[in-house]
Structures are given as C-alpha cells and as structure tokens.
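Undergrad: let me see the structure of the following:
(one chain, ligands or ions: 1)
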Amino acid sequence: MNFKSDNVTGAAPEILAALTRANTGTLPSYGEDEITKRVGEKLKDIFETDLAAFPVATGSAANSLALAELTPPWGAVYCHPLSHIHTDECGAPEFFTHGAKLAPIDGPAGKFSAGTLAATLKGAGTGVVHHVQPAAVSVSQVTEAGTIYSLDELKAIAAVAHGAGLAVHMDGARFANALVALGCRPADMTWRAGIDVLSFGATKNGALAAEAVIFFDKKRAANFAFRRKRGGHLFSKMRFLSAQLDAYLDGDLWLKNARHANAMAAILADGLARLPGVGMTYPAQANEVFPSLPEPMIRGLEAAGFGFYRWSGQTVRLVTAYNTAEADARAFVAKAAELARAAAAD
Ligand SMILES: Cc1ncc(COP(=O)(O)O)c(C=O)c1O
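TA: Predicted structure coming up:
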C-alpha cells in the first residue's frame, strides 16, 4: 500500500489498450500522424478555443520548454519556493531558458498571492541593466502542497502579471485533479483566468508517459516546434505519446480518474483529521494529503508496510492515484486509528 506518489502506480488499462491499437500499420512520423492531429482537435473542443498543443514525455520537459518560450536568458520567472520547477527539476528550467533566473515568491500552503507578486515586481528593477528582467510567472495547479488556487486567485495573479508585461505559465501536472475539485470548465481555469501556457499533465493520472504543452495564444508558440526538437522531445514515433493523450481524453477518462484519486484522498484526510494528535499541515483539496502525525504513529504505519514520504517535521505526504483501492485508503486510516488508541491506552 504505497502512497508515496501518483507515479508509483502503472498506466490505466484504457491507455495501454490505445497504445496497442496505435501499434498497427504505418503512420507519418514526428507528429504528422492522424492521432496527434486528433488530440489537437480534442483539446480545442475541451478548452473551447483555438490553441497549439505539443506532446512531450515528461513534466519537467513540458515546464522547462514552455518557460523557455516565455523568457529571455536575462529574464526572471516568478514561482513559489516549493514549486516543482524550483525544487525538483535539477535546474532544467534554467538550462532550457539558457540561464533565466527562477525568483521564488513565498506564501502559505504552496501558493503566492497577487499582492505579493505586485510588491515583488515593484522592487524588481525593471529596466535596470544590473537586474534580471521580469518575464514570466509560473503557478502550479494543484500546488506542491496539495492545495488549489481559486479562479479569483488565478485571475488576480494573471492581472498583475499581464499588467507588468509578464506571461503566465501553469504547471498542470495534476491539472485534472484541480479541475474536478473546483468543478469548473477547463477554459475557466486557464485562458479565461489569464493563463497563457499550460503544462497539461497526464502521466500522474493514468498515462504511461505523456504531457502536452498548450499555448492558448498561438503566436507565442511560433518557435516551440524548434525548441521541442532541440530539447529532444520531438518523438519520431509521436503516435505513441498522442495515443496516450487521445485515450486519456476519450470518454472523460481523465476526469473520472481524477475524481477517483481525489475521493480516495478525502477518505484519508477525513479519517485522519478525526484522530487525536493528528493535524492537517495544508488543507487537502485534491489528491495529496499532508497530515501531521505523532512520531509513534508514523513509525507504526511504516512498520505496518505503508509507503509515504516524510515531508518535514511530523508532516508526511500521502498521494492517491486514479487506481488507489478504497480498501487501502480505509486500511491506512484504520491502522492510524488503532495506533492512536494504543497511544491513548499507554
Ligand atoms: C507539480 C509537478 N510538476 C511537474 C512534475 C513532472 O515531473 P516529471 O518530469 O517527473 O514528469 C511533477 C512530478 O512529480 C510534479 O509533481
């Protein structure tokens, strides 16, 4: 029973079946195939707008290549200190942007506010040759703390960014989980809120390895095809990335999977929050739960074979996936309750 991440699990059967279906006959290479074209059309329907979509294989590539399109090498990209681009991509954003600077803006529960962004930009030294120049803002939706920006928060951040001439990127590695949690339309959480470029994740929600970089303003994508090729993500057998995305979007599989993952996280969060000595470090809003547990409970759960990350101090991270078994989530809560009772009896 492994709650370490949503990528410790395999790929959804619907997606594996689509790969097998795509494995017959010959098709044009390098994304000129009909499956890739179909994915582009489906995304236009889903996002209710014209757009340019580029499949890539990893979230780090999606983020780094997207940001490289939005900033010059002397630019600054504002992001939360916990953000994946800042902490978990081994400098890939700096590498692909040819040295742009990631400038962290702090805020509670993995989010920064429009107000903090505005204050930061005031002191950013725009036009001063000695300073990196504000170029882009990146928000993670779901955040690395398992929280979600509301539509109003996103709109406010984008308004400040656009007002200062910055582009807005969204790291949507868990886009579907945020979307179903907010219960809004994909367009509302992206271009209608002011998001210019989206890293649309699928891997964590059932794909084998597939993401898409989506530009809502096609003019911004003018050079992206070259950048993706140069970055090693123009797959010659692109049909296999696209077949995953095609099946992911088909029949709303992506939404169904995300709803399930979020529901399993809610079982964990609700069950744990009731136990004595347990707190929630961040509100559980999607498929990640960050409870603060007494040390003997952490040790007891580890000894019982449950997998999870120690986040910081007494806080652990539990992540659920599209195929997390309800029995596993309930077993985790039951074991934690048993450990809480044993501690109370001591
Ligand atoms: C918020 C976030 N963004 C992006 C990624 C994508 O990372 P990868 O390059 O491992 O696909 C992850 C994966 O952990 C993530 O959690």
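Undergrad: beyond the lengthiest strand in the chain, next helix or strand please.
TA: In the chain, assigned by DSSP state E, the strand with the most residues is strand 133-140. For strand 133-140, the following helix or strand on the C-terminal side (DSSP states H and E) is helix 151-163.
Undergrad: and the angle from that next one to strand 133-140?
TA: If you take axes from the mean of the first three to the mean of the last three Cα atoms, to 10 degrees, helix 151-163 sits at 160 degrees to strand 133-140.
Undergrad: where do the helices of the chain begin and end?
TA: 13-21, 34-47, 59-70, 84-87, 92-96, 114-122, 151-163, 175-182, 224-230, 239-249, 253-273, 295-303, 326-345 (DSSP state H).
Undergrad: and the fifth one, which residues are buried?
TA: If I follow you right, that is helix 92-96. Using 16 or more other Cβ atoms under 10 Å as the test for burial, helix 92-96 gives 92-94, 96. Every residue, glycine included, has its C-beta placed from N, CA and C.
Undergrad: kindly report the same for stretch 243-252.
TA: Within stretch 243-252, the residues that count as buried by 16+ other Cβ under 10 Å are 243-249.
Undergrad: measure the residue in the chain positioned nearest to the ligand to residue 289 for me?
TA: Closest to the ligand within the chain is residue 59: 2.2 Å, counting by Cβ to the nearest ligand atom. Separation of residue 59 from residue 289 (Cβ to Cβ, to the nearest Å): 21 Å.
Undergrad: do residue 126 as well
TA: Distance, residue 126 to residue 289, using Cβ to Cβ: 40 Å.
Undergrad: okay, the two: which has more neighbours?
TA: residue 289 (31 against 13; other Cβ atoms under 10 Å).
Undergrad: so who does that one touch?
TA: 146, 265, 268-269, 272, 280, 317-320 (Cβ atoms under 8 Å, 6 or more residues apart in numbering).
Undergrad: do that again at 10 Å, thanks
TA: 3, 146, 264-273, 280-283, 308, 316-320, 329, 332 (Cβ atoms under 10 Å, 6 or more residues apart in numbering).
Undergrad: isn't residue 63 up against residue 94?
TA: No - the pair residue 63 and residue 94 does not pass the contact test of Cβ atoms under 10 Å, sitting 11.6 Å apart.
Undergrad: overlap in contacts, these two.
TA: Counting by Cβ under 10 Å, 6+ apart, the common neighbours of residue 63 and residue 94 are residue 85.
Undergrad: interface residues of the stretch 151-300 of the chain facing the ligand?
TA: 171, 173, 203 (Cβ under 6 Å from any ligand atom).
Undergrad: can you add neighbour count and pLDDT and give these back as CSV?
TA: Listed next are those as CSV, based on neighbours: other Cβ atoms under 10 Å; pLDDT from 0 to 100:
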residue, neighbour count, pLDDT
171, 29, 98
173, 28, 98
203, 20, 98
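Undergrad: adding distance to residue 211, write these out as JSON lines.
TA: Output for those, formatted as JSON lines (distance: Cβ to Cβ, whole Å):
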{"residue": "171", "distance to residue 211": "10"}
{"residue": "173", "distance to residue 211": "8"}
{"residue": "203", "distance to residue 211": "6"}
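Undergrad: what stretches of the chain score poorly on pLDDT?
TA: Within the chain, the set of residues satisfying pLDDT under 70 is empty.
Undergrad: now with 80, please.
TA: For the chain, the stretches flagged by pLDDT under 80 are 346.
Undergrad: what about residue 20, neighbour count?
TA: 9.
Undergrad: do residue 46 as well
TA: Residues lying near residue 46 (other Cβ under 10 Å) number 18.
Undergrad: in contact with it, which residues?
TA: Per Cβ under 10 Å, 6+ apart, neighbours of residue 46: 185-187, 200, 214, 249, 252, 254-255.
Undergrad: ok, now residue 39?
TA: 31, 33, 53, 55, 210, 212, 238, 241-249.
Undergrad: excluding chain neighbours, give the residue nearest to the spatially most central residue of the chain in space.
TA: In the chain, the centroid-proximal residue (Cα atoms, centre = their mean) is residue 173; its distance is 2.2 Å. Nearest non-adjacent residue to residue 173, counting by Cβ to Cβ, 6 or more residues apart in numbering: residue 201, 3.9 Å away.
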